[in-house]
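In: Sequence first, predicted model second:
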Amino acid sequence: MIKILFVCHGNICRSPMAEYVFKDMVRRQGMEDAFEISSAATSREEIGNGVHPGTRRKLKEEGIPCGNHRARQMTGKDYAYYDYLIGMEQWNLRNMYRLAGVGPEEDSPKKIWRLLDFGSRPRDIADPWYTGDFDEAYRDIDEGCRALLQKILKKK
């Protein structure tokens, strides 16, 4: 089983969007039993809060089911447990290394990634909490999730 944890600042916008987009992708491929997929935050600001209404709206618009997710913070145990810990931006990665208790040079085998580093145009995913643009966040997350799934399938 491949275990993936998507991570953003508050775990109410981008990381739950990535969690549900990726779950939908593997479900459509008939591979949901091969994956464990979740999401978490680097901060404690939104702990216990549900998925942002903008994320819920965008997922519904795309026909992707959104569960009853509640924000939680990433821990060092997550680093030990998950195969991939996928941040949305460089700032997330910095905080993910801190929470995991490792530095980039100690991350071996490489577990911590930025989602769009799997695609053809590596870049950060803008936070729709600040931009209000959940459509752009969805496009970037969809692109990154597709590239991540391709990478994983090539490894098998």
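Out: Great, that's in hand.

In: Pretty sure Ile47 sits against Gln73.
Out: Yes. With contact defined as CB atoms under 8 Å, Ile47 reaches Gln73; the gap is 6.1 Å. From N, CA and C alone the C-beta is placed, and that goes for glycine too.

In: shared neighbours, those two?
Out: Shared contacts of Ile47 and Gln73, defined by CB atoms under 8 Å, 6 or more residues apart in numbering, comprise Ala41.

In: Look at the two and report which has more neighbours.
Out: Gln73 (18 against 15; other CB atoms under 10 Å).

In: mind listing the helices for this structure?
Out: In the chain, the helices defined using DSSP state H lie at 14-28, 53-61, 76-81, 90-100, 128-131, 134-155.

In: which residues of the protein score low on pLDDT?
Out: Along the chain, segments meeting pLDDT under 70 span 156.

In: let's see 80
Out: 155-156 (pLDDT under 80).

In: which residues touch the closest residue to Ile4 other than its chain neighbours?
Out: In space, and not counting its chain neighbours, Ile4 is closest to Tyr84: 4.6 Å by CB to CB, 6 or more residues apart in numbering. For Tyr84, the contact set (CB under 8 Å, 6+ apart) comprises Ile2, Lys3, Ile4, Leu5, Lys111, Trp113, Leu148.

In: Out of these, which end up buried?
Out: Among the contacts of Tyr84, those buried by neighbour count (16 or more other CB atoms under 10 Å) are Ile4, Leu5, Lys111, Trp113, Leu148.

In: Count the residues that sit near the closest residue to the third one other than its chain neighbours.
Out: In this structure, Lys111 finds its nearest non-sequential neighbour in Leu85, 5.4 Å apart by CB to CB, 6+ apart. Under the neighbour criterion other CB under 10 Å, Leu85 is assigned a count of 25.

In: Look up the residues forming beta bridges with Leu85.
Out: Leu5, Ile112 (DSSP bridges).

In: these two touch, right, it and Ala100?
Out: Yes. Assessed by CB under 8 Å, Leu85 is found in contact with Ala100 at 7.3 Å.

In: what's the overlap in contacts for the two?
Out: With CB under 8 Å, 6+ apart as the test, Leu85 and Ala100 both reach Met74, Asp78, Tyr79, Ile112.
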